[in-house]
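> Here you go, sequence then predicted model.
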Amino acid sequence: MSFHDQRYSEKRDFIRMTVEAQGSLAVAGIPEPQPVQCQDLSSQGVQLAIAHEVPAGTRVVLSIPSPTPNLPGLEGHGEVVRCEPNSEGGFTLGVRFEQLA
């Protein structure tokens, strides 16, 4: 089925790009940032792989450094909207951004 054949309710308002980038996630209530693997990204949110469970509703700050000198990395403030076990023994998080810098 092509993108145009999908029902309107299944289409995203924002394009989601597949991204393979290492980052860190500052999680409310945990003193040390947690390493994460970014799996896909849009202007509204991100999907991350992480070793530990982070409950929905938790406030987080995602930092992804720039691979290019003199270009800023990404910093996204948001909230976990879902956390599910993944096949690697960790968890997949869905984070909705409230602010990007």
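Good, I have the coordinates.
> in the chain, which ranges drop under the pLDDT threshold?
Flagging of the chain using pLDDT under 70 yields the residue ranges 1-15.
> list the buried ones in the helix or strand hosting Val19?
Using DSSP states H and E, Val19 sits within strand 17-27. Across strand 17-27, burial judged by 16 or more other Cβ atoms under 10 Å covers Val19, Ala21, Gly23, Leu25, Ala26, Val27. (C-beta placed from N, C-alpha, C; glycine too.)
> secondary structure class for the residue nearest to the second one when sequence neighbours are not counted?
Spatial nearest neighbour of Ala21, chain neighbours left out: Cys38 (4.4 Å); criterion: Cβ to Cβ, 6 or more residues apart in numbering. When the structure is reduced to helix, strand and coil (DSSP: H, G, I helix; E, B strand; the rest coil), Cys38 reads as strand.
> hang on, Cys38 packs against Ser63?
No - Cys38 is beyond contact range of Ser63, at 10.6 Å (criterion: Cβ atoms under 8 Å).
> and for those two, which residues touch both?
Taking Cβ atoms under 8 Å, 6 or more residues apart in numbering as the criterion, Cys38 and Ser63 both touch Gly23.
> can you pull the alpha-carbon coordinates of the stretch of helix or strand Phe97 belongs to into CSV?
According to DSSP H and E, Phe97 maps onto strand 91-100. Coordinates of the C-alpha atoms in strand 91-100 are reproduced here as CSV (Å, rounded to 0.1, in the frame of the first residue of the first chain):
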residue,chain,number,x,y,z
PHE,A,91,13.0,-0.5,26.0
THR,A,92,11.7,1.7,23.2
LEU,A,93,10.5,5.1,24.2
GLY,A,94,8.3,7.5,22.4
VAL,A,95,9.0,11.1,23.4
ARG,A,96,6.9,14.1,22.5
PHE,A,97,8.9,17.3,22.2
GLU,A,98,7.7,20.5,23.9
GLN,A,99,10.8,22.5,23.0
LEU,A,100,13.7,22.0,20.6
